[in-house]
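In: Need coordinates for the below:
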Amino acid sequence: MSELDMNDLAAGFARDGYVALQPLFDADKMAEINAELDRYIADVMPTMPVEEVYFENRDDRSTLKQMQKLSVYDAYFRELMENSVIRDLASAAMGEAAVPQNLQYFNKPAGIGQPTPPHQDGYYFHLSPCKAVTGWLALEPVDEENGCIHYVRGSHKAGGFRPHGRSNVLGFSQGLMDFGTEDDKANTVAFPGDAGTFLMHDAHIIHWAGPNVSPDRSRRALGFVYFGESARIDEASKAAYKARLEAELRAEGKI
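Out: The predicted structure follows:
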């Protein structure tokens, strides 16, 4: 993107709390990324710690739902996270250098993919200041049927986080407890799109996705989390949250 385009992107991001590029990558690049992901699932995923791989049904490997830290375990995805245009977009959106944190895989398997509860990413991050963005790359066509993302436009401007509580959705342990106000409904925007569609949003914006009710289509995507260079992690708070969550998931037989 040109400098002017980056400036336009930053302005739109400040106004709405998100930007959408449809598409960011062309068909050839998306074919490459999907092939590398298939390789990763076959060769690397079986070696990952169980707490970083989630299934809708742990006894059925075809129901793979989520993976964490792809860039830690694989050179291709580390390059995509650290040295692609996606990092440049994150820096432009935040107005400061983007520090890579986590490259995630998200899927909603056909017919059984659960909804993603309304939430704010920054609630999970334990940052001060909470300067962070999440990028989301569709690996295949996405729409209302298989669970496209919805944003509450401008909700990042309120600052802070609305009350969250246990959602019981694996991979999204906390959800908003007061979602569904008239303002939420009036400002909701949905983002269906083809493979290569890229969204990036502020850590404060309210967003969610529906279930996958398609009988035959999955909904595969990659998520890119970057913190601003000014952000600092409250390590004690983060460690306590992670330990509590993992203990709960183990007790419930989900990991």
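In: isn't there a helix covering residue 71?
Out: Yes - the assignment for residue 71 by DSSP: H, G, I helix; E, B strand; the rest coil puts it in a helix.
In: surely it meets residue 100?
Out: Yes - counting by C-beta atoms under 8 Å, a contact exists between residue 71 and residue 100, whose distance comes to 6.7 Å. Quick note: C-beta positions are derived from backbone N, CA and C, even for glycine.
In: which non-adjacent residue is nearest residue 53?
Out: Leaving aside its chain neighbours, residue 53 sits nearest to residue 67 (5.3 Å; criterion: C-beta to C-beta, 6 or more residues apart in numbering).
In: what about whichever strand or helix holds residue 227, distance to the chain center?
Out: Per DSSP states H and E: residue 227 is located in strand 221-228. The offset between the C-alpha centroid of strand 221-228 and the centroid of the whole chain comes to 6 Å, using C-alpha atoms, centre = their mean, to the nearest Å.
In: by contact count, what packs against that strand?
Out: When contacts are defined as 3 or more C-beta pairs under 8 Å, 6 or more residues apart in numbering; DSSP states H and E, strand 221-228 sits against helix 85-94, strand 98-106, strand 132-138.
In: most packed of the ones you listed?
Out: Of all the helices and strands packed on strand 221-228, strand 132-138 carries the top mean neighbour count, a mean of 24, counting by mean count of other C-beta atoms under 10 Å.
In: what comes into contact with that strand?
Out: Contacts of strand 132-138 with the rest of the structure, by C-beta atoms under 8 Å, 6 or more residues apart in numbering, involve 24-25, 33, 86, 89-90, 93-94, 98, 101, 106, 121-122, 125, 149, 193-203, 220-228, 231.
In: Going by neighbour count, which of those are buried?
Out: Applying a neighbour-count criterion of 16 or more other C-beta atoms under 10 Å, the buried members of these are 24-25, 33, 86, 89-90, 93-94, 98, 101, 106, 121-122, 125, 149, 193, 195-203, 220-228, 231.
In: I'd like to know how many residues surround the residue nearest to residue 163 when sequence neighbours are not counted.
Out: Residue nearest to residue 163 in three dimensions, not counting chain neighbours: residue 177, with 4.5 Å by C-beta to C-beta, 6+ apart. For residue 177, the count of nearby residues is 13 (other C-beta atoms under 10 Å).
In: Next up, the contacts around residue 177.
Out: When contacts are counted by C-beta under 8 Å, 6+ apart, residue 177 is found next to 162, 163, 164, 165.
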